[in-house]
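Novice: Got a predicted structure here, sequence first:
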Amino acid sequence: MKGGAAAALVGAGIFLSRILGLVRTRVMARYLGDSLAADAFTAALRIPNMLQNLFGEGALSASFIPVYARLVHEGRREEADRVAGAVLSAAALITALLVALGMTFAPALVDLIAFGFEGARRELTIRLVRILFPGIGLLVLAAWCLGVLNSHRRFFLSYAAPALWNVAIIGTLVYYGPRMGPVELAIPLAWGAVAGCVLQLGVQLPSVLRLVPGLRLNLSRTPEFIAVRRSFLPALASRGVAQFSAFIDQAIASVLPTGSVALLGYAQNLYTLPVSLFGMAVSAAELPELSTASEEGEGRAAAIRSRLTGGFARIAFFVVPSAAAFLFLGDVVAGALLQNGRFDRESTIRTWGILAGSAVGLVAGTMARLSASAFFAMRDTRTPLRIAIVRIVIGTAAGWLFATQGPAFLGIDPRWAPAGITLGSGLAAWIEFHALRRALSRVVGSVRPAPGLMLRLWGAALLAAACGYGVKLLLGSHGPVVSAAAVLSTFGLVYGTATLLLRVPTATSLWSGLARRLPRS
């Protein structure tokens, strides 16, 4: 399967899940707003989200897929089934331990991830964490399913499965939201999230069992399993550092004014959308291909360079306009998706500030994800780890400084402080990307996005943003959904037309594909 087609399948699955995620975010904003309960639920939910990202996109993918995909590619099905069973057994044991520890030490965990919470906000968060932890175990097993499906190039199901998790939460909100206040609603909402974990795992299992007919639980120390285990801990540390930065962002937000954690969570659901749709889609699709390329001997460096260059181009085509939209039209984006019920215009404007901060590092962060995948495919998990540690140190220091000292220095309302967190992380993302690119160049030769391409993309995106902003001014005070429909459609039309006129390869490829599908007269 070609990289573009595979990435399209991953992107389609993620798109379905993320669209429902945006619906979930809108409904949550309606019933929870930026209240104490919204802070508590957002903080508690960070744990299953982190483990899903850590195990699904990170440690299991980075350690399991390169070994398992190579066995499948070489037709060694019996060995592939054996290593799949061993990894599943190990994951189940880790899961049981995580659940037991998490439920036992929930108070200490909350003090770690939200050390600014006190009183009722802290107690509610502890209760929610204890409810959510059993679902975490199911997400770890779902991550193993993702590894099996992706290795067999079955990309859509594994990335669409989280849609059911969103459906469960949306259903809970719709049913209980009109009947309860925010604090009372948080409890059934947590149970709804656990039910969603059951659905997310259950929908993948039948396909996985068909692909691994010889699956048996075992802990046999085969060379393949040892290879997975050897790379697992460095990969876990590498992805863990990246996920730890999200915990640190939340911890910093917990000492800021009430509602900061919730607003940061809402904004993260928006600015991680292009990262997931395009950065993760391309990275996930390329990891099995890069793993195969890394075994090809003399042509390895050329094959990896080719796939990375193509991946960078596809990522940039979609993420550059996303960054421009968040920077200049973030109030339109946030208003359309969040402004309703308890979430008012003031909350929308503050969310725009967080989105604008995230726009600084959006392109770098998505390209860094693909760069790290190349190292994972070559079974080098230590280089991304070292670079990620540098990034998190710089991002934490900058985020803390900008968030806690920035408002006073600039003489603005302290409630704008969360924007400093994403600004600091964005600056650190550029440092990480350039360090990864330099390290890759030493192994496979120079790898970088084409400078001319980036200039064309940014030119088209800024022109589109200017046109969209003009439409926003002309419309004046209309409803957020109406404004977004006019402004963002203008933005998309101008960007698409400009990139076609500038002969951006991804734009012409997409247009050619669309033209082939249109009915002919």
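Specialist: Nice, I can see it. Just so it is clear, the model here is predicted, and its values are computed rather than measured.

Novice: what element comes up after the least confident helix or strand in the chain by mean pLDDT heading to the C-terminus?
Specialist: In the chain, the helix or strand scored least confidently by mean pLDDT, DSSP states H and E is helix 281-293, which has a mean of 57. Counting by DSSP states H and E, the next helix or strand C-terminal to helix 281-293 is helix 300-338.

Novice: contacts for the very next helix or strand once past that following helix?
Specialist: Where DSSP H and E defines the elements, the next helix or strand beyond helix 300-338 is helix 345-359. Identification of contacts with helix 345-359 by C-beta atoms under 8 Å, 6 or more residues apart in numbering yields 29, 33-34, 259, 263-264, 266-267, 270-271, 322-324, 326-327, 330-331, 333-335, 338-339, 415-416, 418-426, 480. Glycine gets a C-beta too; all of them are placed from N, C-alpha and C.

Novice: again with stretch 216-233
Specialist: 59-60, 62-64, 66-68, 71, 79, 81-83, 85-90, 92, 376, 379, 381.

Novice: Just these: which are in helices?
Specialist: 60, 62-64, 66-68, 71, 79, 81-83, 85-90, 92, 376 (DSSP state H).

Novice: Gln448 is in contact with Arg437, isn't it?
Specialist: To be clear, residue 448 is Arg; Gln isn't right here. Yes. Counting by C-beta atoms under 8 Å, Arg448 touches Arg437, with 6.1 Å between them.

Novice: who has more neighbours, the two?
Specialist: Neighbour count, other C-beta atoms under 10 Å: between Arg448 and Arg437, Arg437 has more, with 19 against 16.

Novice: before we move on, back to that, now which of the contacts of stretch 216-233 would you call buried?
Specialist: 59-60, 62-64, 66-68, 71, 79, 81-83, 85-90, 376, 379, 381 (16 or more other C-beta atoms under 10 Å).

Novice: pLDDT weak spots in this protein?
Specialist: For the chain, applying pLDDT under 70 flags the ranges 1-11, 48-61, 233-243, 276-300, 514-521.

Novice: Tell me how far whichever strand or helix holds Ala195 lies from the chain's centre.
Specialist: Applying DSSP H and E as the criterion places Ala195 in helix 182-202. Taking C-alpha atoms, centre = their mean, to the nearest Å, the mean C-alpha location of helix 182-202 is offset from the chain mean by 20 Å.

Novice: Quick one: list the elements packing against it.
Specialist: Judged by 3 or more C-beta pairs under 8 Å, 6 or more residues apart in numbering; DSSP states H and E, the packing partners of helix 182-202 are helix 3-32, helix 36-51, helix 119-151, helix 162-176.

Novice: out of the ones you listed, nearest to Tyr469?
Specialist: Across those, Tyr469 has its closest neighbour in helix 3-32 (22.6 Å, C-beta to C-beta).

Novice: next one: the closest one to chain centre, how far?
Specialist: Relative to the centre of its chain, helix 3-32 is centred 10 Å away, using C-alpha atoms, centre = their mean.

Novice: isn't Tyr266 right up against Leu338?
Specialist: Yes. Between Tyr266 and Leu338 there is a contact under C-beta under 8 Å: 5.8 Å.

Novice: Overlap in contacts, those two.
Specialist: Residues touching both Tyr266 and Leu338 (C-beta under 8 Å, 6+ apart): Thr25, Ala29, Thr351.

Novice: Next up, the contacts around the second one.
Specialist: Taking C-beta under 8 Å, 6+ apart as the definition of contact, the neighbours of Ala29 are Tyr266, Leu338, Gln339, Asn340, Gly341, Arg342, Phe343, Ser347.

Novice: Tell me how many other residues crowd the last one.
Specialist: Right, the one you point to is Ser347. The burial count for Ser347: 22, using other C-beta under 10 Å.

Novice: With the second one instead?
Specialist: Counted with other C-beta under 10 Å, the neighbours of Leu338 add up to 27.

Novice: Arg26 is in contact with that one, correct?
Specialist: Yes. Using C-beta under 8 Å, Leu338 is in contact with Arg26, at 6.1 Å.

Novice: returning to that earlier point: mind listing what's buried along the helix holding Ala195?
Specialist: For helix 182-202, burial by neighbour count (16+ other C-beta under 10 Å) applies to 182-183, 185-190, 192-201.

Novice: relative orientation of that helix and helix 36-51 in degrees?
Specialist: Using axes from the mean of the first three to the mean of the last three C-alpha atoms, to 10 degrees, the direction of helix 182-202 lies 20 degrees away from that of helix 36-51.

Novice: Give me the angle between helix 182-202 and helix 3-32.
Specialist: With the same axes, to 10 degrees applied, the angle from helix 182-202 to helix 3-32 works out at 160 degrees.
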